[in-house]
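*Asks:* Here's a sequence, model it:
(one chain, ligands or ions: 1)
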Amino acid sequence: MTLKININGTLLPESEAKISVFDHGFLYGDGIFEGLRSYNGTVFRLKQHLDRFWDSAKALFIEIPVSKEDMAKAIYDTLKANEQVDAYIRLIVTRGVGTLGLDAHLCGTPQIIVITRSLQLYSSSLYEEGIKIVTASTVRMPANSLNPRVKSLNYLNNILAKIEGHNVGCEEALMLNHQGNVAECTGDNIFVVRNGKLLTPPIDACILEGITRNAVIEVAKSMGLEVLEANFTRHDVYCADECFLTGSAAELIPVVEVDGRSLGSGKPGPVTKAILAAFRELVAAETQQQR
Ligand code: PXG
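*Replies:* Take a look at the predicted model:
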């Protein structure tokens, strides 16, 4: 079956789903996106994703020309048209078609694109064995340049770091902020575990406020674990008992090596495993209740 893409409310076969080369999303990375996931036909934490999407738009002076309800309907229409229940969902809103100049005021209506595709996850062996990461030399953008809380179409900061990781055989790369503290990985937030306590960088450490991150904080607290949102350096990562990354696509992925240093036992640890199991229970409970 050909994949159908939703552009401005019209479902088109993939081969006909096209955007103008004069769209500033293409010319300048001027636009925003969201990455969501559906489980058994229900989108996990849809409200939080839509709120973050609208916040990104607000920060960039983009007016999304539909309501959050319409956007939710567009997502479910696209999933239905593609007969998908467990899917990765990409929302995109571009600035719109403009001129070759930077002037955003000359752009037409923002274009709305919804892509749903089958999940391409890390292989199950990586969940069992954990991944290796390295610190990228590319520093996460400071919040007063382009705030990492904005999920903009310009992801070059993260892409450069990801390439650096890939060049040395790592699936993910650790990014520090301009203060030298740990920020996040290129498409995932980071947590470390030490003495049974969780530590993750605060929002003002130049990170995306991950929806999985927030769900994991809730889950960990409900398990009676202490969670600290505080600044830390790579030293705290090297000396951690456990480390894991969170993201909509990955859920929780254990990290077993950082910059050549083996963490803890060198295998995914018990706290990471317990939180992943509890996170999956939360997802199951929320995605069964909602529809
Ligand atoms: N940090 C960054 C920089 C991200 O882009 C996350 C953390 C995790 O956030 P959520 O809300 O998903 O828990 C992200 C988002 C992909 C893909 O195709 C994933 C992201 C970004 C771009 C692409 O897997 N993750």
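
*Asks:* Give the next helix or strand downstream of the one helix or strand Glu34 maps to.
*Replies:* Taking DSSP states H and E as the criterion, Glu34 maps to strand 31-39. Following strand 31-39 in sequence order, the next helix or strand is strand 42-43 (DSSP H and E).

*Asks:* hmm, that next one touching the ligand?
*Replies:* No. If you take Cβ under 6 Å from any ligand atom as the test, strand 42-43 misses the ligand, and the best it gets is 12.4 Å. Every residue, glycine included, has its C-beta placed from N, CA and C.

*Asks:* Okay, now the sheet partners of that strand, with direction.
*Replies:* strand 31-39 (antiparallel) (DSSP bridges).

*Asks:* So which bits of the chain are right by the ligand?
*Replies:* 35, 158, 184, 187-189, 208, 210-213, 246-249.

*Asks:* what's across from the residue lying closest to Phe22 once chain neighbours are set aside in the sheet?
*Replies:* Closest residue to Phe22 apart from its sequence neighbours, by Cβ to Cβ, 6 or more residues apart in numbering: Val97 at 4.9 Å. For Val97, the beta-bridge partners are Asp23 (DSSP bridges).

*Asks:* pLDDT wise, what is whichever residue of the stretch 1-150 of the chain sits closest to the ligand at?
*Replies:* Taking Cβ to the nearest ligand atom, the ligand has its nearest neighbour within the stretch 1-150 of the chain at Gly35, 4.4 Å off. Note for Gly35: predicted pLDDT of 98.

*Asks:* low pLDDT regions in this protein?
*Replies:* 289-291 (pLDDT under 70).

*Asks:* just the helices in the stretch 101-250 of the chain please.
*Replies:* Using DSSP state H, counting those that start in this stretch, the helices assigned to the stretch 101-250 of the chain run over residues 124-129, 156-167, 211-222, 234-238.

*Asks:* any chance you could map the strands in the stretch 1-150 of the chain?
*Replies:* Applying DSSP state E, counting those that start in this stretch to the stretch 1-150 of the chain gives strands spanning 4-7, 10-13, 31-39, 42-43, 87-94, 112-118, 131-135.

*Asks:* I'd say Tyr39 and Val283 touch.
*Replies:* Yes. Tyr39 is within contact range of Val283, at 5.8 Å (criterion: Cβ atoms under 8 Å).

*Asks:* And these two? Which one has more around it.
*Replies:* Val283 (20 against 17; other Cβ atoms under 10 Å).

*Asks:* Give the helix, strand or coil label for that one.
*Replies:* helix (DSSP: H, G, I helix; E, B strand; the rest coil).

*Asks:* returning to that earlier point: please tabulate the strands of the stretch 1-150 of the chain in CSV, including the columns distance to Val168.
*Replies:* Formatted as CSV, those follow (distance: least, Cβ to Cβ, whole Å):
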stretch, distance to Val168
strand 4-7, 35
strand 10-13, 39
strand 31-39, 25
strand 42-43, 35
strand 87-94, 27
strand 112-118, 28
strand 131-135, 6
